[in-house]
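using only what follows, build the 3D model:
(one chain, ligands or ions: 1)
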Amino acid sequence: MGVPSEDAYTRFVSAGFGRDLAKRLGLPQPAVLRRYSPHQPLLTGPVLVLGFSQQADAVASALLDWDLDVRRHATPKEKLGAMVLVLDDLSHPSDLAGPVLAAGASLRDLAASGRVVTVARDAAEASDPAAAAARAGVEGMLRSLAKELRAGATGNGIILHGEVDPSSASALGALRFLLSARSAFVDGQFLSVSIPEAVLPEDWERPLAGRVAVVTGAARGIGASIARTLHRDGARVIVVDVPAAGEQLARVANELSGTALQVDITAENAGDRILEHAGQRYGRLDIVVHNAGITRDKLLANMDPVRWNSVIAVNIAAQLRMNEAFLTSELFTDRPRIVSVASTSGIAGNRGQTNYATSKAGVIGLVGATARLLEPRGGTINAVAPGFIETDMTARMPFATREVARRLNSLQQGGRPEDVAETVAFLASGGAAGITGRTVRVCGQNLVGK
Ligand code: NAD
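Below is the predicted model:
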């Protein structure tokens with residue numbers, strides 16, 4: 001387990017006098033979230049699988065194969081670790097009442113940090129308006145339900161595209177992530193699964209065994225946490241940062257028995273230098289995590305070219321240039337994975353961040369268009385969009401702004417660097433083989449944007 005780093009308020013209201021006081025005054029009561037650590041059980045109690053289709057039975061039997069305690073009907077008063085609503089056969093919004101109301105009747109029995117996951121087909125691919133209405137309805141229902149859950153429980157969904165069935169390997173890979181404590185700060189989100197085939201990890205504790213990963217901006221903060229998490233999951237890791245951060249970078253590399261490469265990612269040859277390093281040390285490169293990023297906030301009326309250009313150069317132009325090198329390299333051909341760190345600012349916009357939001361929205365555009373280029377290599381590319389994460393970057397915010405910002409989500413707290421890292425590690429693993437060109441928010445269902 002990592003060092004407990006809940007903010008002081010969360011610690012105060014999670015027990016004893018503080019909890020009673022917060023309840024009486026109607027103050028936010030953030031829960032201490034159950035986070036992933038190796039060898040912990042996947043869930044804290046039985047999983048209730050709701051839905052009437054054959055696929056619902058198939059999902060229930062796949063969950064049994066993971067040694068979960070599976071129920072097809074609720075047992076009164078039994079604490080549940082999770083509920084999975086398999087809704088792949090909807091043809092009209094009236095079909096929703098059965099499974100959704102059954103889930104509602106069991107909600108009070110959901111354990112702390114429990115999970116509700118819906119599995120449904122993409123509304124845009126429905127053949128008639130009634131089916132599209134039912135499928136789209138699932139999204140509205142789930143996003144609202146996620147806002148009603150308490151005690152660290154989360155609600156997320158899987159959207160199936162094309163021929164992907166709920167029990168196909170790639171959908172199960174996504175389901176396992178959403179059920180697990182790896183997704184502690186992912187809430188109110190949908191994972192789109194568009195490729196049915198997946199080679200699921202043989203060892204779920206080390207899903208990245210044998211893989212070689214590079215993480216940019218890894219000397220500290222979220223990047224260092226991503227490097228640690230990829231290493232924990234079995235990858236060999238190359239950490240990259242600017243020469244000025246060389247000492248810190250070397251410390252991270254040593255801790256992970258990895259290698260450090262001092263390079264400014266805005267350099268023309270940054271991609272080639274990473275490939276050269278990976279080739280010499282490991283003979284391959286499988287996972288690229290574009291994490292390095294900077295902010296240079298100013299209202300647009302006061303924006304100067306240096307602030308604007310530096311943010312575009314580091315946060316988006318460097319990624320575009322490096323990807324060109326990776327995508328033509330022979331080292332990067334065995335089911336390669338690229339994961340880029342975007343931001344909710346790139347989705348919702350943020351006052352004072354026109355430059356940053358341009359770059360981060362650019363990242364979301366980049367992954368959408370690069371997915372096609374990686375397909376022939378059996379590769380995927382996705383983005384992770386963190387909301388408020390407790391790092392040096394956010395610690396510098398004025399107290400009141402920070403306190404408001406970290407409560408503006410369904411879990412009423414900021415995320416931790418590890419939360420972003422867990423989603424990055426998932427997207428880099430075989431479990432996410434069906435997901436490409438997408439952006440996954442790690443924001444506790446932040447109120448901004450979609
Ligand atoms: P941080 O400032 O603590 O770390 C960023 C790292 O990137 C530093 O080590 C820095 O030296 C490195 N870096 C900067 N420019 C570089 C360059 N040209 N070449 C190589 N390395 C470079 O930031 P963080 O909070 O850990 O953020 C990491 C990523 O997450 C960034 O992309 C950031 O935009 C994004 N993000 C953070 C938050 C948050 O709440 N902290 C929210 C949304 C998105």
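
use CA for all of it now, contacts and neighbours both
OK.

can you show me the helices along the stretch 151-300 of the chain?
For the stretch 151-300 of the chain, the helices defined by DSSP state H, counting those that start in this stretch cover 169-179, 221-232, 246-255, 270-282.

for the last one, the distance to its chain's centre please.
Between the mean C-alpha point of helix 270-282 and the mean C-alpha point of its chain there is a distance of 27 Å (C-alpha atoms, centre = their mean, to the nearest Å).

which residues of the stretch 301-450 of the chain lie near the ligand?
Within the stretch 301-450 of the chain, the positions lying close to the ligand (C-alpha under 6 Å from any ligand atom) are 314, 341, 342, 343, 386, 387, 388, 389, 391, 392, 393, 394.

quick check, pLDDT for whichever residue of the stretch 1-150 of the chain sits closest to the ligand.
Among the residues of the stretch 1-150 of the chain, residue 7 lies closest to the ligand, at 14.2 Å counting by C-alpha to the nearest ligand atom. Per-residue confidence (pLDDT) for residue 7: 76.

next, count neighbours for it.
Counted with other C-alpha atoms under 10 Å, the burial measure for residue 7 works out to 15 neighbours.

next one: phi and psi at whichever residue of the stretch 301-450 of the chain sits closest to the ligand?
Of all residues in the stretch 301-450 of the chain, residue 389 sits closest to the ligand, at 3.7 Å by C-alpha to the nearest ligand atom. Main-chain dihedrals, residue 389, degrees, to the nearest 10: phi -120, psi 140.

could you report the pLDDT at it?
Looking at residue 389, its pLDDT reads 95.

isn't it right up against residue 418?
No - here residue 389 does not reach residue 418: they are 9.5 Å apart, not a contact under C-alpha atoms under 8 Å.

wait, residue 438 touches residue 383, no?
Yes - under the criterion of C-alpha under 8 Å, residue 438 makes contact with residue 383 at 6.3 Å.

shared neighbours of these two, anything?
Shared contacts of residue 438 and residue 383, defined by C-alpha atoms under 8 Å, 6 or more residues apart in numbering, are found at 364, 367.

between the two, point out the one with more neighbours.
Shown here are residue 438 and residue 383; by other C-alpha under 10 Å, residue 383 has more neighbours (29 against 21).

might you report the residue contacts of the more buried one?
For residue 383, the contacting residues are 339, 340, 341, 342, 363, 364, 367, 437, 438, 439, 440, by C-alpha under 8 Å, 6+ apart.

the last one bridge partners, please.
When you say that, I think you mean residue 440. residue 384 (DSSP bridges).

so how far is residue 30 from it?
22 Å (C-alpha to C-alpha, to the nearest Å).

can you check the first one too?
Going from residue 339 to residue 30 by C-alpha to C-alpha gives 29 Å.

looking at these two, which is more packed in?
residue 339 (27 against 24).

and that one, that's in a helix?
No - going by DSSP: H, G, I helix; E, B strand; the rest coil, the assignment for residue 339 is strand, not a helix.

surely residue 70 meets residue 45?
No - between residue 70 and residue 45 there is no contact, the gap being 9.3 Å when judged by C-alpha under 8 Å.

can I get the helices of the stretch 151-300 of the chain in TSV including mean neighbour count, mean pLDDT and distance to the ligand?
Below are those laid out as TSV (neighbours: other C-alpha atoms under 10 Å; pLDDT from 0 to 100; distance: least, C-alpha to the nearest ligand atom, whole Å):
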stretch	mean neighbour count	mean pLDDT	distance to the ligand
helix 169-179	24	98	21
helix 221-232	24	98	4
helix 246-255	17	98	8
helix 270-282	17	98	9
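
where exactly do the strands run in the stretch 101-250 of the chain?
In the stretch 101-250 of the chain, the strands defined using DSSP state E, counting those that start in this stretch lie at 110-121, 154-160, 190-193, 212-216, 236-241.

mean pLDDT for these - can I get that in TSV?
TSV is the format used below for the strands of the stretch 101-250 of the chain (pLDDT from 0 to 100):
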stretch	mean pLDDT
strand 110-121	98
strand 154-160	98
strand 190-193	98
strand 212-216	99
strand 236-241	98
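
between those strands, which one is nearest to residue 423?
Of all those, strand 190-193 sits nearest to residue 423, with 11.3 Å by C-alpha to C-alpha.

now tell me what touches that closest one from outside.
Contacts of strand 190-193 (C-alpha under 8 Å, 6+ apart): 156-161, 164, 170-171, 174, 434-436, 438, 440.
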